[in-house]
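Participant: When you get a sec, could you give me coordinates for this:
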Amino acid sequence: MNVQLRTRSTDEKDEVYARSTCQVLIIEDDYDTADSLVLALACNGYGVRVVDNRASAIHVLRRQRQDVILMDLRMPGLGAREFLFDLQSVQPECEVVLMTAEAGAEHIAAELGIQHWIEKPFQLDDVLEIISRVARQTHATK
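Facilitator: Predicted coordinates:
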């Protein structure tokens, strides 16, 4: 029996390493959306935590390093500006990906100083692509 082993390129190795070390905090109050995101991210090697409010998010951030926050824009008790202010005092190096069903997501993200966003409804592959890109950037700066 012949077995051929495929050697991964350096880029592929970097991608796998970035995913395996990347911690993603999801802040989402819609449980179906949160469950889909957790399943997709965990199956692709990311460490995932999910919370449904600002206080829980800050609690997690005070206790565990997170690399990426995937945050819904509109949630009860979660003012985006207030949360981002809190985030700066807890984990300023953490990248935020904004999820929103609001028109003008790019403009909203820019006003908040967020570089990454995705419009709802979204495809999970699009979320994975954004998180992968952010994870690679985060990994490259460490």
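Participant: Please tell me how far Thr138 sits from Thr33.
Facilitator: Separation of Thr138 from Thr33 (Cβ to Cβ, to the nearest Å): 23 Å. Yep, even glycine has a C-beta here, placed from its N, CA and C like the rest.
Participant: Pull out the buried positions in the longest helix anywhere in the chain.
Facilitator: Assignment by DSSP state H gives helix 124-141 as the longest helix of the chain. Using 16 or more other Cβ atoms under 10 Å as the test for burial, helix 124-141 gives Val127, Leu128, Ile130, Ile131, Ser132, Val134, Ala135, Arg136, Thr138, His139.
Participant: how far is it from where the chain is centred?
Facilitator: Here helix 124-141 is found 8 Å from its chain centre; the criterion is Cα atoms, centre = their mean, to the nearest Å.
Participant: same deal with stretch 57-77?
Facilitator: The answer for stretch 57-77 is 9 Å, by Cα atoms, centre = their mean.
Participant: Between the two ends of that stretch, how far is it?
Facilitator: This stretch, stretch 57-77, spans 12 Å end to end (Cα to Cα, to the nearest Å).
Participant: I'd like the average pLDDT over it.
Facilitator: Taken as a whole, stretch 57-77 carries a mean pLDDT of 91.
Participant: Next SSE downstream of the helix or strand of the chain with the lowest mean pLDDT?
Facilitator: Between all helices and strands in the chain, the lowest mean by mean pLDDT, DSSP states H and E belongs to helix 10-21, at a mean of 55. Going down the chain from helix 10-21, the next helix or strand is strand 23-27, by DSSP states H and E.
Participant: give me the number of residues near Ile118?
Facilitator: By other Cβ atoms under 10 Å, the residues close to Ile118 number 19.
Participant: That one belongs to a strand?
Facilitator: Yes. Looking at Ile118 with DSSP: H, G, I helix; E, B strand; the rest coil, it is inside a strand.
Participant: Can you give me the distance of it to Ile108?
Facilitator: 12 Å.
Participant: who touches both of those two?
Facilitator: Leu98, Thr100 (Cβ atoms under 8 Å, 6 or more residues apart in numbering).
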